[in-house]
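[1] A structural model of the following input is requested.
(2 chains)
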Amino acid sequence: MDIDLITNVLYAMVRTGTPLLIVALGELICEKSGVLNLGQEGMMLMGAVVGFIVTLTTGSLMLGFVLAMVAGVLMSLIFGVITMELSANQVATGLALTIFGTGLSAFIGAGYVGKPIEGLDPIYIPVLTDLPIIGRMLFGQDLLVYLSFVLFAGVYWFINHSRPGLILKAVGENPHSANAIGLPVFKTRYLAIMFGGAMAGLAGGYLSLAYTPLWVENMSAGRGWIALALVVFASWKAERVLLGAWLFGLASILHLVFQGMGFAVSPNLLAILPYLATVVVLVILSSNQSRSRLVAPMSLGKPFHAKS
Amino acid sequence: MSNHPTPPRLSLRGITKQYPGCLANDDIHLDIAAAEIHALLGENGAGKSTLMKVIYGLVKPDHGEVLWDGLPLDVKDPAHARKMGIGMVFQHFSLFDTLTVTENIALALGDDAGDLTSLANKIRSVSEKYGMAINPEREIHTLSVGERQRVEIVRCLVQDIRLLILDEPTSVLTPQEVETLFVTLRQLASEGCSILFISHKLNEVKALCHRATVLRGGRVSGACIPAQEDTISMAKMMVGDDTPVSTTYPKVLGSEPVLTIKDLSLHSDDPFGVHLKNLNLTVNAGEIVGIAGVAGNGQEELLASLSGETLSPAGTISFRDTQVATLTPEKRRAMGLGFVPEERLGRGAVPEMSLTENALLTGFLTGIVNKGMVAWKKTEAFADQIISDYKVKTAGRHAQADSLSGGNLQKFIIGREILQNPKILIAAHPTWGVDIGAATAIHKALIKLRDQGAAILVVSEDIDELFLISDRIGAICDGQLSPLKPTPESSIEELGRMMAGDFSTTPAHAQSSQAEHS
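    Got it, this is the predicted structure:
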């Protein structure tokens, strides 16, 4: 395997992993608060279509990304109100949100399919970008990729070293105890849900504004689901989310590698690899009940009613 | 009449709180002075919990006011209460299992927590000062129940505390641990901290508290100085004059073995669970066997393996001559097993279902299901019978199980099992949360069932109850079962040692036990 190929594979791995990383970091925070939001896919698609339309109309990428996040937050608030105020089942509500977002984004974006925009370009830093192997991977990416690094560092620090992060974990662990000692359970969960929405929207915007700068119906192609699996795969640890996102990114570009090495493997067959990896990881994790109980937030998916 | 003394540290004036269908607190007055240990006595449902939630800012009263050092105080929330120097130790601990002791305490302290390292040092010094050693680095799920309570108490003590509220703190402790706790509380009071000790255990109140306020049915029914009262007179204040407060039951020895556990070892899949280690136990027809133990020492696992929720290795459990270790709960029930689980909602009853439907759940073998069809009339009659026989306070058989208070639901579940005349009855905490009158009724029903020849196993944390009704008694600790002794030959001290894991039947200081083992 030649150096160029490795360089390109590493570059593509990070690039492909970026939307997964962003959305999974959002879901990680959300689940740490005890809320399981299966609406990632729907929120991503709304982010993608809103970001695309805004950028196409105004010409501003910046505005596109911001409004993509706003769209994600608004979507997540629908989920928040239904599950928190009305105590609806989180799984059913999340699924409904995905279906809703998929349909609504297709509807809104119907007139924009295939229109071209100027996407977000990779950065070129003299010397560094030209370094062999890691040059393009670490120094030749677009801004959003670097933002995802920052987001990762922020989430990691937040969960492991900040007081609000401790509150977040406590609320996800046992909301009744948290309430009893006076921690703001509802506020914490709402903020976590909204952060999840913002990250999904941003990841969606990344797809339609940077990764493949165009709008296609259902363009997130299951990344929201992979992100959900990714959080489980990472056993709710930020550093493993980063690792997992890049691994999954690598899995989805493996056909390029094989082509480069001269193997003729059907790209369709290789495209199932991330999904297959997800299934395998889920099976391994759930095979050991006690381990999964210690790592998962204890109240995950359970609604909380404050008793008066 | 004293001439303007210092105002009491805490003073409640006419606290009233109405819940739908229940007046929880009715014009309650209460004063606690500095350095005083004050008991709040009352049965479950008397309004103790509501009152302490009012003090701690979890519940807003409809009327009345709280005076703190003589000044009106509107406690907004628990954070506000803590800021004022009010700390609370809950009956059900408000701790987070996967976080460390330090992190747990930091959470409750709010922004005053400071950095975790100096907080850990503070925890260490405070816990040593009050004789409650804890390692701040441990995660909560690795601690025993007694240690968890220490964490709760230390959590209050690392702040400037002026009033400590303890809700039924001794219910999870061995008698020896209770003594240690009392030493700590006396030390705290001597330093000027006021203590509100909520309990229904009269002996403990007598031993510890300077003054007591008694609640009954949401009202103050009396106040006294416990040291000058006997337990009977205080019990009368708690339950009223018309309820008998002390009874004893004849002890009997059973006849032939009915329930036999032989070399039962069971590995728990739950990371917070306890592994059962080589249990042996026989319950004879016509006797009640009582198993004491501090919560979380394997009771849950033992009960699950007896009910059939967890299947056990073949040959370890038998009913009479039939091996049942690998049989499912339904088959065991068909053989005459009655089971009262620890968890009332979710295990003993389905919260969202009506009492009639809940009666059907285990009563299906009593002829109320015919060829797969439910005989609703018979089921309703069965539910009505339980409600009237066991004086269950409810809107009727159509009421949802979760609309009942804990004690009333307990009566319903016990009644449902006993009325089916089981040959074997396994009951966890049969009178937990039930008032004295109803507890007596349940005890009598158990004794009657025993006298009819049923084999009864009672698992409870209430030692007084076990001594009252058991014919033979033992303890479970860390998944191991102590030898059983006829109740009259045992003592609270000996049982306490067994609950702590010391199974030697001779007193601990006797040297011979070493030789016997080897």
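
[2] In three-state terms, label B:Ile413 for me.
    Recorded secondary structure, B:Ile413: helix (DSSP: H, G, I helix; E, B strand; the rest coil).

[3] Hmm, I typed the wrong one, I wanted B:Leu30.
    With three-state DSSP as the criterion, B:Leu30 reads strand.

[4] try the one 5 residues further on
    For B:Ala35, the reduced secondary structure class is coil; criterion used: three-state DSSP.

[5] Contacts only, for the residue in the stretch 101-250 of chain B that chain A sits nearest to.
    Nearest residue of the stretch 101-250 of chain B to chain A (C-beta to the nearest C-beta) works out as B:Ala108 at 4.6 Å. Any C-beta I mention is one placed from the backbone N, CA and C, and that applies to glycine too. Taking C-beta atoms under 8 Å, 6 or more residues apart in numbering or on different chains, we find B:Ala108 in contact with A:Ile181, A:Gly182, B:Arg82, B:Arg155.

[6] swap in A:Pro126?
    If a contact means C-beta under 8 Å, 6+ apart, then A:Pro126 has no contacts.

[7] go on, B:Ala79?
    Going by C-beta under 8 Å, 6+ apart, B:Ala79 touches A:Gly182, B:Gly57, B:Gly110.

[8] Pick the one among those residues closest to B:Arg347.
    Of all these, B:Arg347 sits closest to A:Gly182, with 30.3 Å by C-beta to C-beta.

[9] can I assume the residue of the stretch 101-250 of chain B closest to chain A sits in a helix?
    Yes. Assessed with three-state DSSP, B:Ala108 lies in a helix.

[10] Need the per-residue pLDDT for it.
    With respect to pLDDT, B:Ala108 scores 83.

[11] can you check B:Ser512 too?
    With respect to pLDDT, B:Ser512 scores 40.

[12] what ranges do the strands span in the stretch 51-200 of chain A?
    Taking DSSP state E, counting those that start in this stretch, the stretch 51-200 of chain A contains no strands at all.

[13] So which residues on it come close to chain B?
    By C-beta under 8 Å from any C-beta of the partner chain, the residues of the stretch 51-200 of chain A that approach chain B are A:163, A:166-167, A:169-170, A:173-174, A:176-178, A:180-183.

[14] Derive a ChimeraX selection command for the buried subset of these.
    If you want just the buried ones from those in ChimeraX, going by 16 or more other C-beta atoms under 10 Å in any protein chain shown, the selection is:
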select /A:163,166,167,169,170,173,174,177,178,180,181,182,183
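
[15] Present the residues of the stretch 51-200 of chain A next to chain B as a markdown table; the columns should include pLDDT.
    Output for these, formatted as a markdown table (pLDDT from 0 to 100):
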| residue | pLDDT |
| --- | --- |
| A:Arg163 | 90 |
| A:Leu166 | 93 |
| A:Ile167 | 94 |
| A:Lys169 | 94 |
| A:Ala170 | 93 |
| A:Glu173 | 91 |
| A:Asn174 | 89 |
| A:His176 | 86 |
| A:Ser177 | 85 |
| A:Ala178 | 89 |
| A:Ala180 | 80 |
| A:Ile181 | 80 |
| A:Gly182 | 79 |
| A:Leu183 | 86 |
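
[16] Among the residues of the stretch 51-200 of chain A next to chain B, which pair sits farthest apart?
    The distance between the two most remote of those (C-beta to C-beta) is 20.6 Å, for A:Arg163 and A:His176.

[17] in chain B, which ranges drop under the pLDDT threshold?
    The model of chain B has pLDDT under 70 over residues B:1-5, B:21, B:241-246, B:505-518.

[18] Using TSV, lay out the contacts of B:Ala79 together with distance to B:Gln480.
    Below are the contacts of B:Ala79 laid out as TSV (distance: C-beta to C-beta, whole Å):
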residue	distance to B:Gln480
A:Gly182	40
B:Gly57	43
B:Gly110	42
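
[19] Return the nearest residue of the stretch 401-518 of chain B with respect to chain A.
    In the stretch 401-518 of chain B, the residue found nearest to chain A is B:Asp402; the distance is 11.5 Å by C-beta to the nearest C-beta.

[20] need the contact list for A:Val35.
    Neighbours of A:Val35 in contact, by C-beta under 8 Å, 6+ apart: A:Thr83, A:Gln90, A:Gly172, A:Arg189, A:Ala192, A:Ile193, A:Gly196, A:Leu300, A:Gly301.

[21] For the first one, give me its contacts.
    Listed by C-beta under 8 Å, 6+ apart, the contact set of A:Thr83 reads A:Val35, A:Asn89, A:Gln90, A:Thr93, A:Pro303.

[22] and with 6 Å instead?
    A:Gln90, A:Thr93 (C-beta atoms under 6 Å, 6 or more residues apart in numbering or on different chains).

[23] where does it land on pLDDT?
    pLDDT for A:Thr83: 94.

[24] Repeat that for the second one.
    What the model reports as pLDDT for A:Gln90 is 93.

[25] Tell me the spacing between the nearest residue to B:Val145 once chain neighbours are set aside and A:Ile159.
    Among residues not flanking B:Val145 along the chain, B:Val172 sits closest, at 4.7 Å (C-beta to C-beta, 6 or more residues apart in numbering or on different chains). Per C-beta to C-beta, to the nearest Å, B:Val172 is found 32 Å from A:Ile159.

[26] B:Ser491: how many residues sit nearby?
    Neighbourhood size, B:Ser491 [other C-beta atoms under 10 Å in any protein chain shown]: 12.

[27] Wait, a strand at B:Leu259?
    Yes. Assignment of B:Leu259 by three-state DSSP places it within a strand.

[28] Bridging across strands, which residues link to it?
    As for beta bridges, B:Leu259 partners with B:Val283, B:Phe319 under DSSP bridges.

[29] Quick one: the helices in the stretch 101-250 of chain A, in order.
    A:134-139, A:143-161, A:163-173, A:175-180, A:185-206, A:223-233, A:238-252 (DSSP state H, counting those that start in this stretch).
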